[in-house]
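Participant: here's a sequence, model it:
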Amino acid sequence: MIGMPGKNRVGPDAALLFLADIRDRLSLVSLSSAEYSKALIRAAALGTIGGGIYDALLAQRASKVKASALYTWNEKHFLRQGPEVSAIVRRP
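Facilitator: Numbers count the residues shown, from 1 in each chain. So this is what the prediction gives:
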């Protein structure tokens, strides 16, 4: 699979092209400082560490825009984010 760690890594130029394509197709969602803090407080209460913090921030963005689906291969990190988020978690 292209873009995955290990032997199938892509170079920086290809990564920039992928990111440009994503920007053209999707809307970027930022968090206010209060929303960011809310996500981190919830993550800490859940005992979230490491990469799970990043997933908690993604979950906060999904909640902010009332997303109908959050696609991930790492369902475990998102299912811990509460019922509002776990209800929209989907495997691609």
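
Participant: please make it C-alpha for all contacts and neighbour counts, starting now.
Facilitator: Fine.

Participant: pLDDT value on the most centrally placed residue in the chain, please?
Facilitator: In the chain, the C-alpha nearest the mean C-alpha coordinate belongs to Leu58, at 3.3 Å (CA atoms, centre = their mean). On the pLDDT scale, Leu58 is placed at 93.

Participant: check which helix or strand it maps to.
Facilitator: helix 51-64 (DSSP states H and E).

Participant: ok, and for that helix, which residues are buried?
Facilitator: 52-62 (16 or more other CA atoms under 10 Å).

Participant: and those residues, which is closest to Lys38?
Facilitator: Using CA to CA, Gln60 comes nearest to Lys38 of these, at 8.3 Å.

Participant: burial count for the closest residue to that closest one other than its chain neighbours?
Facilitator: Nearest non-adjacent residue to Gln60, counting by CA to CA, 6 or more residues apart in numbering: Ala39, 6.0 Å away. Residues lying near Ala39 (other CA atoms under 10 Å) number 23.

Participant: on the three-state scheme, Ala39 is what?
Facilitator: helix (DSSP: H, G, I helix; E, B strand; the rest coil).

Participant: from Gln81, how far off is it?
Facilitator: 9 Å (CA to CA, to the nearest Å).
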